[in-house]
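Trainee: Return a 3D structure for these sequence lines:
(one chain, ligands or ions: 2)
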Amino acid sequence: MITMDRIVREGHPVLREVAKEVALPPSNEDLAVLKEMHEYLTNSQDQAIAEKYDLRPGSGLAAPQIGVAKRMFAIHTTDEKDQLHSYGFINPKIVSHSVEETSLENGEGCLSVDRPVEGLVPRHARITLDAHTLDGEHIRMRFRGYIAIVIQHEMDHLNGIMFYDRIEEYDGPHKRPLPI
Ligand SMILES: OCN(O)CCCc1ccccc1
Ligand code: NI
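Mentor: Ligands and ions are numbered 1, 2, ... in the order given. Take a look at the predicted model:
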């Protein structure tokens with residue numbers, strides 16, 4: 001099982017790489033890694049397990065965060081309508097998005113960032129995502145609200161972008177200018 005010692009922290013170059021597409025159909029190894037990432041999320045949201053293994057709770061986890069520069073991430077979280085979103089996405093792509101933007105009023109955090117970072121992170125309010133799933137399907141789904149924000153946070157990890165790169169007035173450590 002993945003524990004916090006497997007999670008790469010800011011400053012490690014893998015968090016600034018553009019992750020590579022996963023060869024399809026995904027290998028058993030790639031699927032096993034994605035399943036393990038998904039399991040981290042469910043474990044981290046289980047009080048007893050999180051306490052026992054000292055896991056920081058997370059709603060999403062991207063492969064570069066465990067040192068795997070491949071285009072896949074897992075999501076496991078309930079949204080503001082208490083709807084559970086639980087996915088393993090392979091080669092995800094945001095194919096369209098709203099002009100309208102949104103942000104979490106208390107800003108964002110990251111399992112790879114061991115410090116609070118203030119500031120609003122602008123995100124698209126609504127997105128349409130294309131991806132292959134852990135179950136081997138190809139999906140095109142629309143998301144809005146909290147889950148759309150989490151997905152954009154994970155997508156950024158696949159492109160070497162950290163959430164604080166998007167904060168207007170942020171001038172703390174590790175900031176990188178956004179790619180044009
Ligand atoms: O990359 C995921 N991870 O660092 C866990 C935090 C996920 C997350 C937290 C706040 C807003 C969006 C996404
Ligand atoms: Ni993160």
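
Trainee: could you point out which element follows the longest strand seen in the chain?
Mentor: Residue-count comparison of every strand in the chain, with assignments taken from DSSP state E, identifies strand 84-97 as the longest. The helix or strand immediately downstream of strand 84-97 is strand 101-102, counting by DSSP states H and E.

Trainee: The next helix or strand after that next one close to ligand 1?
Mentor: Following the chain from strand 101-102 toward its C-terminal end, the next helix or strand by DSSP H and E is strand 123-124. No: using CB under 6 Å from any ligand atom, no contact is recorded between strand 123-124 and ligand 1, whose separation bottoms out at 8.4 Å. (Glycine included, C-beta is placed from N, CA and C.)

Trainee: Just checking: what are the partner strands of strand 123-124?
Mentor: Listed by DSSP bridges, the sheet partners of strand 123-124 and their directions read strand 101-102 (antiparallel).

Trainee: Identify the residues contacting the partner strand?
Mentor: Strand 101-102 is touched from outside by 122-125, 145, 148-149, with contacts defined as CB atoms under 8 Å, 6 or more residues apart in numbering.

Trainee: Let's verify the residue nearest the centre of the chain: helix, strand, or coil?
Mentor: The C-alpha lying nearest the average C-alpha coordinate of the chain belongs to E154 (CA atoms, centre = their mean; 2.4 Å). Look at E154: counting by DSSP: H, G, I helix; E, B strand; the rest coil, its state is helix.

Trainee: Farthest pair within the contacts of strand 101-102?
Mentor: Checked with CB to CB, these reach their widest spread between P122 and G145, with 15.0 Å between them.

Trainee: So which residues on this protein come close to ligand 1?
Mentor: 58-62, 65, 104, 108-112, 149-150, 153-154, 157.

Trainee: Filter those residues down to the buried ones, ChimeraX style.
Mentor: ChimeraX command restricting the residues of the chain next to ligand 1 to the buried ones, with burial defined by 16 or more other CB atoms under 10 Å:
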select :58,59,60,61,62,65,108,109,110,111,112,149,150,153,154,157
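
Trainee: Alright, that wraps it up for me.
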